[in-house]
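*Asks:* Below: sequence and its predicted model.
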Amino acid sequence: MEHPQDFAKGLSIGIIMDGNGRWAKQRGLPRTAGHKKGAEVFQDITRYCNQIGVESVTFYAFSTENWKRPLEEVGAIMRLFGEYLLKAYDYQKENNRVVFLGDRSALDPKHQELMNDIETRTRNNTGMTLNIAVNYGGRAEIVRAAKALARKVAQGDMTVEQITEEAMSNEMYTRGQKDPDFILRPSGEKRLSNFMLWQAAYSELVEMDVLWPDFTREDLDRAIQEFNRRSRRFGGV
Ligand code: IPE
Ligand code: IPE
Ligand code: MG
């Protein structure tokens, strides 16, 4: 697709990878086949975001509510997470700085080790910031931030008056990062499903009718074009 140079430069994008199950069902395949294809699309779209100069991208891979799914499906998603997101993708080569959002203490200890290792190794990379949200919930993130600040007040390290929006932002997993310019949800659903509730205050919402496993680079171009047409006012005129 033709697009002006730098059309994605500096953008911060949130992506709710949705529609894997429906994609598989359409093909008479088990839901896990959709997750596998979805993981492949994750790799391709990450590479593409990197190429077109996106500043940061956040992928929603597994929510705090997704544990409600059948054990077998949860197990398959976690295996794919290990295989595709923790092992196959060379973040170092791509110069990405990787940050995992969410409560990792509930995950397989081997995965936790890899996550810590990837974060440490990529910490000083200068390219795109890549956030991967796993066992992530926006409400849980806000509660965690509130607790951290409450603890500091209780210990006498800060006063109640020092609890500001900035102080809260600094306790989020995305500390120091720009809020998402837009949040993209494929699969036609029009809700956040507990994704980046704090950070999304003024994000544009872009929903698309394509299922995530079918999502292409051209779809991302289209989403960015749609975002570029929006008029953001941040409460002003
Ligand atoms: C998104 O696809 C993947 C995860 C939530 C882990 P779904 O599995 O939610 O796919 P649908 O919404 O059932 O089609
Ligand atoms: C949101 O998708 C979570 C992820 C994509 C990881 P869901 O499929 O879980 O959301 P709902 O249940 O349709 O709201
Ligand atoms: Mg879904």
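*Replies:* Structure received. Ligands and ions are numbered 1, 2, ... in the order given.
*Asks:* is it true that residue 133 lies in a strand?
*Replies:* Yes. Note on residue 133: a strand contains this position according to DSSP: H, G, I helix; E, B strand; the rest coil.
*Asks:* Which single residue of the protein ends up nearest ligand 2?
*Replies:* residue 193 (3.6 Å; CB to the nearest ligand atom). To be clear about C-beta, it is placed using only N, CA and C from the backbone, and glycine gets the same treatment.
*Asks:* what helix or strand is that residue on?
*Replies:* No secondary structure element spans residue 193, as it lies outside all helices and strands (assigned by DSSP states H and E).
*Asks:* Quick one: residues contacting it.
*Replies:* For residue 193, the residues meeting the contact criterion (CB atoms under 8 Å, 6 or more residues apart in numbering) are 16, 18, 60, 63, 65.
*Asks:* Include pLDDT when you put these into JSON lines, please.
*Replies:* Conversion of the contacts of residue 193 to JSON lines gives the following (pLDDT from 0 to 100):
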{"residue": "16", "pLDDT": "98"}
{"residue": "18", "pLDDT": "98"}
{"residue": "60", "pLDDT": "98"}
{"residue": "63", "pLDDT": "98"}
{"residue": "65", "pLDDT": "98"}
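*Asks:* Just the buried residues of those residues.
*Replies:* Under a neighbour-count criterion of 16 or more other CB atoms under 10 Å, the subset of the contacts of residue 193 counted as buried comprises 16, 18, 60, 63.
*Asks:* Looking at these, which are in helices?
*Replies:* With helices taken from DSSP state H, there is no overlap with the buried ones among the contacts of residue 193.
*Asks:* leaving aside the residues next to it on the chain, what's closest to whatever residue of the chain ends up closest to ligand 1?
*Replies:* The chain approaches ligand 1 most closely through residue 21 (2.7 Å), counting by CB to the nearest ligand atom. In space, and not counting its chain neighbours, residue 21 is closest to residue 31: 4.5 Å by CB to CB, 6 or more residues apart in numbering.
*Asks:* wait, isn't the one you found in contact with residue 74?
*Replies:* No. Between residue 31 and residue 74 there is no contact, the gap being 11.0 Å when judged by CB atoms under 8 Å.
*Asks:* So the two - more neighbours on which side?
*Replies:* When residue 31 and residue 74 are compared on other CB atoms under 10 Å, the one with more neighbours turns out to be residue 31, at 19 against 14.
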